[in-house]
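Participant: this is a predicted model, with the sequence first.
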Amino acid sequence: MEASERKLRDAGELRSLAHPVRMRLCQALYERGTATATELAEMIGESPANCSWHLRQLAKYGFVEEAGGGKGRHRPWRPVPRMLSWGDSDESGEVAAASDALSMQFVEQEFAGLRDWQAWRRTDPPEWQDAAYWMQNIDWLTVEELKELNEAIAAVILRQRKRRDPAERPLGARRIRVFAWAVPAEPYAED
């Protein structure tokens, strides 16, 4: 069951998550449900010792937890399911810098995923190639319309959130990357 939203407001927790290996570990755990450091190492291409160390760092800040059973690298871990948010306008100093670093790490990860897909997409069956989609657009919106647009995008994306549980995934479902943004195209200027 999805817990309430967690607002990341501490520079340490923001920095702990803004690491490429830790982000991949969290993603792998959400896909798998539970896994050991050894299993995760195979999934993300890192050593079991490195995964174990990073899992302990993620656990320190409450992003993952031990699932019980096993010892050392053979103990299973699971994600702590919660929507995360950060990047509020009132952040400053160290928190703002850590928040921006986490946001940039997410952007880099998602653009890498898009580049990877572009490289191998022609090897997919035609129906998967045709179902995949990306777009670019620039429009003129008020602040209220921008909020409405972002809420509508989030609602569509979050409809499939229950499928993080492997038991909820229908036969033939594949892992799909969804990354969307609706942000101003240039800095604010008084009219």
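Facilitator: Cool, got the structure. Numbering: from 1, shown residues only.
Participant: where does the residue nearest the centre of the chain sit: helix, strand or coil?
Facilitator: The centre of the chain sits closest to Gln27, judged by C-alpha atoms, centre = their mean, with a distance of 6.3 Å. Counting by DSSP: H, G, I helix; E, B strand; the rest coil, the backbone at Gln27 sits in helix.
Participant: state the distance from it to Arg9.
Facilitator: 23 Å (C-beta to C-beta, to the nearest Å). C-beta coordinates here come from the backbone N, C-alpha and C atoms, glycine included.
Participant: do Gln129 as well
Facilitator: 42 Å.
Participant: who has more neighbours out of these two?
Facilitator: Arg9 (14 against 11; other C-beta atoms under 10 Å).
Participant: picking that back up, which residues are in contact with the residue nearest to the centre of the chain?
Facilitator: If you count contacts by C-beta atoms under 8 Å, 6 or more residues apart in numbering, Gln27 has none.
Participant: what about 10 Å?
Facilitator: Contact analysis of Gln27 by C-beta atoms under 10 Å, 6 or more residues apart in numbering lists Met43, Ile44, Pro79, Gln109, Arg175.
Participant: following the lengthiest helix in the chain, which helix or strand comes up?
Facilitator: Among the segments of the chain that qualify as a helix by DSSP state H, the longest is helix 93-120. Next along the chain after helix 93-120, taking DSSP states H and E as the criterion, comes helix 126-131.
Participant: then the very next helix or strand once past that next one to PDB, C-alphas only?
Facilitator: Tracing the chain past helix 126-131, the next element assigned as helix or strand by DSSP H and E is helix 143-158. Extracted in PDB, the C-alpha atoms of helix 143-158 (Å, rounded to 0.1, in the frame of the first residue of the first chain):
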ATOM      1  CA  VAL A 143       0.200  29.700 -13.700                       C
ATOM      2  CA  GLU A 144      -3.200  28.200 -13.000                       C
ATOM      3  CA  GLU A 145      -3.200  26.400 -16.400                       C
ATOM      4  CA  LEU A 146       0.400  25.100 -15.800                       C
ATOM      5  CA  LYS A 147      -0.600  23.700 -12.400                       C
ATOM      6  CA  GLU A 148      -3.700  22.100 -14.000                       C
ATOM      7  CA  LEU A 149      -1.600  20.600 -16.800                       C
ATOM      8  CA  ASN A 150       0.900  19.100 -14.400                       C
ATOM      9  CA  GLU A 151      -1.900  17.600 -12.200                       C
ATOM     10  CA  ALA A 152      -3.500  16.000 -15.300                       C
ATOM     11  CA  ILE A 153      -0.100  14.500 -16.400                       C
ATOM     12  CA  ALA A 154       0.500  13.200 -12.900                       C
ATOM     13  CA  ALA A 155      -3.000  11.600 -12.700                       C
ATOM     14  CA  VAL A 156      -2.400   9.700 -15.900                       C
ATOM     15  CA  ILE A 157       1.000   8.500 -14.900                       C
ATOM     16  CA  LEU A 158       0.000   7.500 -11.400                       C
END
